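1. sequence and predicted structure below; questions after.
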Amino acid sequence: MTIAKIRDALLKAEKGITQYAVLMHEFPKVDVSLDVDFQRKYNAFYRVQRRQMAWYLSYYTLMQKLKETKPLFADVLDEIYRLTGRYEPSFASKLVATIDPLKPIWDIHILKNTGHGAPSYASKNKLALAKVAYASLEDWYEKFLDSAEGKLYISEFDQFAPDYCGLTALKKVDFILWQTRSIPAKKVRST
């Protein structure tokens, strides 16, 4: 991706970067299962909408319960499915990444821009396939963050948003990929 496209993505991500920083500042300080203000901000940032109240209660109770752990995507995906009956790889990843900012999020744009695809919702093996896809996404980030292009993304982020240099390298790349809608996916070679 060119520097101009990286900078364009960062301009588009500016509001989201600020929203994310507020969420991550508040997260350790509140009981997310009870704090309606945090939930509202989280729902707005991650576009959590049109769910039953029981779903929100289960989701935020689980987030609070796991807050002091390093949850695995596979376990959270299974637990959300058990609690709600819903296949939610995107929201499972966002819960995991909120607790552990070194973990990637599952988003349609990020999947596309990293050469990944989501299993069909109709697949009988969708939970298992999502776990494999997420593990592959984690591998992709590990390689990309160590690549010259990954280092360029991080450098551009730091120049664009110096007040947010404390975000993880993964999250910086995440913001650029999230706001990039038309790059072809590339395989990253190991160095």
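-> Everything's here; your move. Numbering: from 1, shown residues only.
2. next, count neighbours for Asp37.
-> Residues near Asp37, counting by other CB atoms under 10 Å, number 9. For glycine as for every other residue, the C-beta is placed from the backbone atoms N, C-alpha and C.
3. can you report phi and psi for it?
-> Phi and psi for Asp37, reported as degrees, to the nearest 10, are phi -70, psi -50.
4. cool, and Phe45?
-> Backbone torsions of Phe45, given as degrees, to the nearest 10, read phi -60, psi -50.
5. distance of Asp158 relative to Ile17?
-> Asp158 is 12 Å from Ile17, where distance means CB to CB, to the nearest Å.
6. who has more neighbours out of these two?
-> Per other CB under 10 Å, whichever of Asp158 and Ile17 has more neighbours is Ile17, with 20 against 14.
7. can you give me the pLDDT of the residue nearest to Phe45 when sequence neighbours are not counted?
-> Leaving aside its sequence neighbours, Phe45 sits nearest to Gln19 (CB to CB, 6 or more residues apart in numbering; 4.7 Å). We note a pLDDT of 95 for Gln19 in this prediction.
8. the helix or strand containing Arg40 - contacts with which helices or strands?
-> Here Arg40 sits within helix 36-46, counting by DSSP states H and E. Packing contacts for helix 36-46, counted by 3 or more CB pairs under 8 Å, 6 or more residues apart in numbering; DSSP states H and E, involve helix 3-26, helix 89-99.
9. ok, which stretches of the protein are helices?
-> Here the chain has its helices, by DSSP state H, at 3-26, 36-46, 53-66, 73-84, 89-99, 108-113, 126-145, 148-160, 169-178.
10. buried residues, the shortest one. List them.
-> If you call a residue buried by 16 or more other CB atoms under 10 Å, then helix 108-113 has these buried ones: Ile110, Leu111, Lys112, Asn113.
11. distance between it and the chain's centre?
-> On the basis of CA atoms, centre = their mean, to the nearest Å, helix 108-113 sits 11 Å off its chain's mean C-alpha point.
12. if we can go back for a sec, out of the helices of the chain, which comes closest to Pro119?
-> Proximity to Pro119 (CB to CB) singles out helix 126-145 among the helices of the chain, at 3.6 Å.
13. contacts for the closest one?
-> 73-74, 77-78, 81, 87, 89, 93, 103-104, 106, 110-111, 114-120, 123, 150-151, 154, 169-170, 173, 188-191 (CB atoms under 8 Å, 6 or more residues apart in numbering).
14. got it, and stretch 34-54?
-> By CB under 8 Å, 6+ apart, the list of residues contacting stretch 34-54 reads 16, 19-20, 22-23, 26-27, 30, 32, 56, 59-60, 84, 91, 94, 98.
15. try it again with 10 Å
-> 15-16, 18-20, 22-23, 26-27, 29-33, 55-61, 63-64, 83-86, 88, 90-91, 93-95, 97-98, 105, 107 (CB atoms under 10 Å, 6 or more residues apart in numbering).
16. okay but Leu167 is in contact with Pro101, surely?
-> Yes: assessed by CB atoms under 10 Å, Leu167 is found in contact with Pro101 at 7.2 Å.
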